[in-house]
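K.L.:
Here is a sequence with its predicted model. Questions after.
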Amino acid sequence: GESVGLHLPTLSVQEGDNSIINCAYSNSASDYFIWYKQESGKGPQFIIDIRSNMDKRQGQRVTVLLNKTVKHLSLQIAATQPGDSAVYFCAENTGSSNTGKLIFGQGTTLQVKP
Amino acid sequence: EAGVAQSPRYKIIEKRQSVAFWCNPISGHATLYWYQQILGQGPKLLIQFQNNGVVDDSQLPKDRFSAERLKGVDSTLKIQPAKLEDSAVYLCASSLDQVGKVYFGPGTRLTVL
């Protein structure tokens, strides 16, 4: 069935280091992926997205990599800061190209040590 | 740009009671979603509207949950009667269309005792 999963429930990094959060998806037909950041008591916040016709996309301090061969998605955060501490979710669009239905993974908690 | 608004932010009820949540999406967003997020899990889609029509409600427990978006703008989600397992955060989200970026509101935390 359709599922989106993350490899590690918790990731602890030192402030200033780079962080890599991984995600595996199962539906090879998915064509749109989004990374969200969720802080305690808040709704998920859009970070970056990527469509299946790309394998890399960069934003401010973040990079998303998509490997369709192994159905793997990763989020790289450069120079991780204490404000980056949150739960990170990858979401996969599993509907037809026009339905916008997102399936979320379980989330990875990023802890940034000062 | 104002974000997705939700109210109330918190609600505590006893099982078998009824509860309603309200959502106001980002202005101009045609697509509106309700998600349920149980503690420690990712959000799960309950229902998706395109303007005032339902696109997907396959995950909505229709025996107790209902939602409407009568004028294609605001939406309400109702639970009647509530069960203990309905304790969760209910997130409203919106997007410009069905293939665009999805933006979430702050959520309503429901506790059913």
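P.N.:
Looks like it arrived, so ask away. Numbers count the residues shown, from 1 in each chain, chains lettered A, B, ... in the order given.
K.L.:
Check the gap between the one residue in chain A that gets nearest to chain B and B:Leu84 for me.
P.N.:
Per C-beta to the nearest C-beta, A:Phe104 is where chain A lies closest to chain B, at 3.1 Å. C-beta coordinates here come from the backbone N, C-alpha and C atoms, glycine included. Distance, A:Phe104 to B:Leu84, using C-beta to C-beta, to the nearest Å: 23 Å.
K.L.:
Show me what the closest residue in space to B:Tyr10 that isn't next to it in sequence bridges to in the sheet.
P.N.:
Of all residues not flanking B:Tyr10 in the chain, B:Arg109 sits nearest, at 5.0 Å (C-beta to C-beta, 6 or more residues apart in numbering or on different chains). Judged by DSSP bridges, the bridge partners of B:Arg109 are B:Tyr10, B:Val89.
K.L.:
so what's B:Arg109 up against?
P.N.:
B:Arg9, B:Tyr10, B:Lys11, B:Ala88, B:Val89 (C-beta atoms under 8 Å, 6 or more residues apart in numbering or on different chains).
K.L.:
B:Pro8 too?
P.N.:
Applying C-beta under 8 Å, 6+ apart, the residues near B:Pro8 are B:Phe21, B:Thr108.
K.L.:
how about 7 Å then?
P.N.:
Each residue near B:Pro8 by C-beta atoms under 7 Å, 6 or more residues apart in numbering or on different chains is listed here: B:Thr108.
K.L.:
and stretch B:97-107, average pLDDT?
P.N.:
Regarding stretch B:97-107, the rounded mean pLDDT is 85.
K.L.:
Which residues belonging to it are considered buried?
P.N.:
Using 16 or more other C-beta atoms under 10 Å in any protein chain shown as the test for burial, stretch B:97-107 gives B:Gln98, B:Val99, B:Val102, B:Tyr103, B:Phe104, B:Gly105, B:Pro106, B:Gly107.
K.L.:
In strands, which of the residues you listed appear?
P.N.:
When these are checked against strands (DSSP state E), the matches are B:Tyr103, B:Phe104.
K.L.:
Which ones among the buried residues of stretch B:97-107 also lie next to chain A?
P.N.:
Checked against chain A using C-beta under 7 Å from any C-beta of the partner chain, those yield the following neighbours: B:Gln98, B:Val99, B:Val102, B:Tyr103, B:Phe104, B:Gly105, B:Pro106, B:Gly107.
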